[in-house]
Structure formats: structure tokens, C-alpha cells
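Peer 1: Give me the fold of what follows.
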Amino acid sequence: MTACTRRAAVLSLGAALAGTLATPAFAEDSATGRGKPPLRHAHAHNDYEHQHPLTEALSHGFNSIEPDIWLVGDQLLIGHDADKLDPRRTLESLYLDPLLRRVRANGGRVYRGYDLTVQLLVDIKSPGAPTYRELARHLHRYRSMFTVYSGGRVHRGALTAVISGDRGARGPMERERVRYGFYDGRLTDLDGRAPASFCPLISDNWGQHFSWQGVGPMPARERAELRRIVRKAHAAGRQVRFWATPDQPGPARDALWRELLAAGVDYLNTDDLAGLEAFLRAH
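Peer 2: Numbering: from 1, shown residues only. Here you go, the predicted structure:
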């Protein structure tokens with residue numbers, strides 16, 4: 001890949017994940033209604049644990065949604081723990097089918113009137129290689145709404161599937177010439193050779209790299225390190241997310257979220273959908 005081609009792929013994927021705002025409109029509170037503008041920085045962690053998976057996050061305007069999947073036979077079941085899986089709760093029933101209906105109803109986008117690509121962060125819990133191969137077949141069946149890598153380029157869709165969790169998915173993903181999934185890297189991938197057209201997102205555990213939990217001022221050294229990480233990721237066309245950040249309502253969480261936004265972190269991670277919506281709309 002030439003430098004020009006690589007640069008084009010980076011820029012293309014940046015647009016694919018972040019999206020660009022079209023004429024002013026509103027996010028839906030239902031599949032076809034109008035409500036509040038969508039939130040670019042809002043990530044629904046373990047979304048399936050809410051009473052109404054997917055629809056609750058979308059009603060709050062979230063731009064990134066995380067289901068966990070397990071391969072059971074040829075089914076991709078949704079859940080955090082293997083002993084609590086329900087064969088009725090599949091990736092199709094909770095996410096892919098309702099998203100497809102919504103995208104069709106909204107003129108090709110998740111949020112009607114916004115040329116915004118929503119991230120579906122699929123966290124693989126069972127062994128990565130076989131699970132991803134089945135996931136790839138699922139994504140292909142719903143390909144009309146997903147971003148695709150093909151012919152060395154990224155073609156943006158209504159949704160971008162980013163594959164997280166078990167690292168064994170990387171091998172089969174790298175071998176695909178046409179791919180509907182993109183790889184969720186770690187901070188160790190910041191210096192890697194994989195382009196943003198393969199690894200558009202860097203996610204990592206906040207507590208393994210930073211000691212500050214939002215109480216008192218953020219240490220200057222840690223603030224500088226956070227901003228260095230974000231600058232480096234953005235220069236390569238990647239986005240940044242941290243999980244395991246403080247998520248109890250209160251001043252410490254707000255302080256940490258403010259620092260993340262000020263540093264340019266792309267997604268704030270939460271289980272508290274209403275709390276993050278209120279924070280982002282106030283900021």
C-alpha cells in the first residue's frame with residue numbers, strides 16, 4: 001500500500017466512524033419519530049443488560065452500542081456470562097433485525113436526518129477465531145447497512161461493526177479481502193503497523209494506565225499522557241475509548257468525563273444512559 005493509499009484509507013475510515021452532520025435534524029425517540037440530536041461521544045457499555053437493549057440507548061441518542069456475544073452452535077447469543085445465556089436473545093433478534101428495520105425506515109441512517117455512522121462494538125466472549133467467522137457470516141447477511149472494507153478502501157454505511165473482546169478474532173479478520181468488521185485495538189497497537197482501515201479504534205482499561213479516579217485535580221503527568229495517547233491515535237486516523245472508568249453518579253465521574261472530553265477522547269463509556277446523556281447535553 002502506498003503512502004497516498006494508506007492516507008486515503010485513514011481519512012475514509014475517520015469519516016466512516018465519526019460521520020458528518022447533514023442538514024439540521026433530530027435523533028429519533030422511536031424508529032421514525034424526532035427528538036434530540038444524537039450524541040457523538042456516548043458509548044453504551046454492556047447495552048444488553050438494560051431493560052430494553054438497543055432501543056433505550058438509541059432513545060438517549062447514543063452513537064456507540066456494545067453487545068457481548070457467545071458462539072453456541074451456529075447461533076450468536078447475547079450475554080456477559082455463559083451460564084446465563086438465553087437462546088431467544090440472539091444478535092439478530094436484539095440488534096441486527098431491529099437496526100435493519102430502523103435504517104430502512106430512516107432513509108438509510110440510524111438517526112434520520114443525520115449522516116452519522118453509528119458504531120456497533122461487538123465484544124466476543126467465546127473463542128475469537130470461530131466466533132468471528134460466524135459473526136462475519138451474520139454481518140454479510142446484513143451488509144446493506146454496514147461499513148465495508150473492499151478493494152483497499154472503506155465504504156461507509158449506516159453502522160460500523162468494530163470487533164472487540166477475544167484477540168483470536170484478529171487472524172481471520174486480517175485474511176479477509178472483503179470485511180464487514182473492524183478491529184478494536186489496545187494501547188499496545190498505537191505503534192503497530194495495522195492501518196486505521198483495519199484497526200480504527202483503540203480501547204483499553206482506564207485503571208491499568210491511570211491512577212486518577214476523578215477525585216481532586218488530575219495529575220499533570222497523567223493528563224499529559226492521556227493527551228499524548230489521543231494525539232497519536234488521531235494522527236493515525238483512530239478513535240479512543242477507555243473502559244472501567246468511574247461510573248457512579250457524582251463529582252468524581254463528572255470531573256473524569258470532563259478531562260476525557262478535553263483531551264479529545266472519542267467515546268465516554270457508561271452503563272448509566274440517562275446520566276451520560278444529561279452530562280453531554282450540558283457540555
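
Peer 1: List the contacts of residue 213.
Peer 2: Neighbouring residues of residue 213 by C-beta atoms under 8 Å, 6 or more residues apart in numbering: 207, 246, 252, 256. C-beta: built from backbone N, CA, C; applies to glycine.

Peer 1: go again using 6 Å as the cut-off
Peer 2: Counting by C-beta atoms under 6 Å, 6 or more residues apart in numbering, residue 213 touches residue 246.

Peer 1: part of a helix, is it?
Peer 2: No. Judged by DSSP: H, G, I helix; E, B strand; the rest coil, residue 213 forms no part of a helix; its state is coil.

Peer 1: so how far is residue 275 from it?
Peer 2: Separation of residue 213 from residue 275 (C-beta to C-beta, to the nearest Å) stands at 17 Å.

Peer 1: ok, residues contacting stretch 131-149?
Peer 2: Contact with stretch 131-149 is made by 16, 71, 96, 100, 103, 124, 155-161, 169, 172, 179-181, 197, as judged by C-beta under 6 Å, 6+ apart.

Peer 1: which of those are buried?
Peer 2: 16, 71, 96, 100, 103, 124, 156-161, 169, 172, 179-181, 197 (16 or more other C-beta atoms under 10 Å).

Peer 1: show me where the stretch 151-283 of the chain has strands.
Peer 2: Using DSSP state E, counting those that start in this stretch, the strands of the stretch 151-283 of the chain run over 153-155, 159-165, 181-185, 201-205, 239-243, 268-270.

Peer 1: packing partners for the fourth one?
Peer 2: Strand 201-205 sits against strand 181-185, strand 239-243, with contacts defined as 3 or more C-beta pairs under 6 Å, 6 or more residues apart in numbering; DSSP states H and E.
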